[in-house]
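Participant: sequence unknown, structure follows:
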C-alpha cells in the first residue's frame, strides 16, 4: 500500500506542478471545478444525498467557483441563491416535513465545506501560481511528516473519538513538516518571504492541516466510512487528499493579505 502511494505521488506531482505553474489561471479554475465536483460527489455519497437535490448541489458548487473567478462581489449572492434553491427543492420533492432540517443539512454543509473553501484558492491563484504550489507542498509536507513520525514513535492518541490512528507525535510531525516545507519553498520558489515569516506560516499550516484532517475524519466516522472514495489508488478518495488544503487555503490567503502580498493578475 505504501509503495503504491509513493508511485502514484511520483507520477502525479510533476504534472500537477507544470500544470499549475505554466498554464493560465483559467486552467487552474478548471482544475478546481473538476476536483470540487469529484470531492463534492464523494461527500454526498457518504451522506446519501441523491436525486435532484444532489444534482442541484453539484451545479451550485460549480456556480460558486465560477462566480468567485469572475466577480468576488457576487459570492454572497450566489451562495444565498443556492441555499434558497436547495431548500425549495426539499420543500417540493418530499412532502413529509419531518426530518427536513436533517435532510437539507448535508447538502448545505457540503457546499460550504468544499466549493465554499475552494473560493480562497482562486484568490490565491490570482496572487500567483507559486502560492498554490506553496500551499499544497506545505500541506503535503505536513501530512507526510505526520504520517512517518506518528507511525514511528507515536503512542499517545490525539483524538481517539474522531480518529483512533492519529497521535500527538504525528501532530508535532505535522508542524515540523509545515515548517520544513515552508522553508524549502521560501528558498526555491517564493523568495519574497523572510525566514522568520516562512517559519510562522509553516507552523500555522501544520496546525491547520491537522484540524482539516480531523474534520474530514469526523465526517467519515459520522457517515460510517473509512475513505471518502477509491478514485486514487493507495490514497483513497479525492476528499481524502485535499482535506488539509481545504482548511489551510483560507488561512494562507488571510496571512498573505496581512503581509500585503495581494498582487492580482487579472
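Facilitator: Perfect, thanks for sending it. This structure is a prediction, so every number in the text was calculated from the model and none was measured.
Participant: Can you name the next helix or strand after the helix or strand of the chain with the lowest mean pLDDT?
Facilitator: Least confident helix or strand, the chain: helix 2-22 with a mean of 80, by mean pLDDT, DSSP states H and E. Downstream of helix 2-22, the next assigned helix or strand under DSSP states H and E is helix 25-46.
Participant: which residues are in contact with that following helix?
Facilitator: If you take C-beta atoms under 8 Å, 6 or more residues apart in numbering as the criterion, helix 25-46 is touched by 19-20, 50, 54, 57-58, 61-62, 65-66, 69, 106-107, 110-111, 113-115, 118, 121-122, 125-126, 129, 132, 219-220, 223, 225, 228-229, 231, 237-239, 242, 265-266. Quick note: C-beta positions are derived from backbone N, CA and C, even for glycine.
Participant: Going by neighbour count, which residues of it are buried?
Facilitator: 25, 28-29, 31-33, 35-46 (16 or more other C-beta atoms under 10 Å).
Participant: again with stretch 152-172
Facilitator: 154, 158, 162-163, 166-167, 169-172.
Participant: Just the buried residues from the contacts of helix 25-46, in ChimeraX please.
Facilitator: To isolate the buried members of the contacts of helix 25-46 in ChimeraX, using 16+ other C-beta under 10 Å:
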select :20,54,57,58,61,62,65,66,69,106,107,110,111,113,114,115,118,121,122,125,126,129,132,219,220,225,228,229,231,237,238,239,242
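Participant: Among the contacts of helix 25-46, which are located in helices?
Facilitator: In helices, defined here by DSSP state H, the members of these are 19-20, 54, 57-58, 61-62, 65-66, 69, 106-107, 110-111, 113, 115, 118, 121-122, 125-126, 129, 132, 219-220, 223, 238-239, 242.
Participant: For the one helix or strand residue 152 maps to, which residues meet the burial criterion?
Facilitator: Using DSSP H and E, residue 152 falls within helix 129-153. Going by neighbour count (16+ other C-beta under 10 Å), the buried part of helix 129-153 is 129-147, 149-150.
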